[in-house]
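>>> below is the structure, and that's it, no one-letter string:
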């Protein structure tokens, strides 16, 4: 069984959704899937990646609302979700990400306020 610490699949022409099995990559610290044509929502399996420090899903076609489960990614320092089709409000649970240094949410259809803890 292979364990990845970094996974860079950015700037390709990948399509479809991301499988929940992504959550089995337990030691993954950097995930770059940006610049593709992924669709659907962020898979629930991704929220099991407790070691994840950088998550770049920007410049795809992800849609739906942002899950409150983003708050489970306590090790995140960088969260790139810009340039997608996300809608709704920013979940308050993002404010619990005490290690977060960079948050990019622009170019979506989000509304409301940013959690005050950020």
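Perfect, thanks for sending it. The structure presented is a predicted model; accordingly, all values stated were derived computationally and were not measured. Numbering: from 1, shown residues only.
>>> what about this protein, any weak spots by pLDDT?
Across the chain, the ranges flagged by pLDDT under 70 are 1-2.
>>> ok, now which ones touch the spatially most central residue of it?
The geometric centre of the chain, computed from its C-alpha atoms, lies nearest to residue 55 (CA atoms, centre = their mean), at 5.0 Å. The contact partners of residue 55, taken as CB atoms under 8 Å, 6 or more residues apart in numbering, are 31, 46, 73, 76, 78, 79, 80, 81. All C-beta spots, glycine's among them, are computed from the backbone N, C-alpha and C.
>>> from memory residue 85 sits against residue 61, does it?
Yes: under the criterion of CB atoms under 8 Å, residue 85 is in contact with residue 61, at a separation of 5.8 Å.
>>> and the closest residue to residue 12 other than its chain neighbours, how many neighbours?
Leaving aside its chain neighbours, residue 12 sits nearest to residue 36 (5.5 Å; criterion: CB to CB, 6 or more residues apart in numbering). Other residues lying near residue 36 total 20 when counted by other CB atoms under 10 Å.
>>> look up how far residue 21 lies from the closest residue to residue 70 other than its chain neighbours.
For residue 70, ignoring the flanking residues on the chain, the nearest one in space by CB to CB, 6+ apart is residue 94 at 5.6 Å. Using CB to CB, to the nearest Å, residue 94 is found at 25 Å from residue 21.
>>> who has more neighbours, those two?
residue 94 (21 against 9).
>>> quick check, residue 79 in a strand?
Yes: remark: residue 79 belongs to a strand, assigned using DSSP: H, G, I helix; E, B strand; the rest coil.
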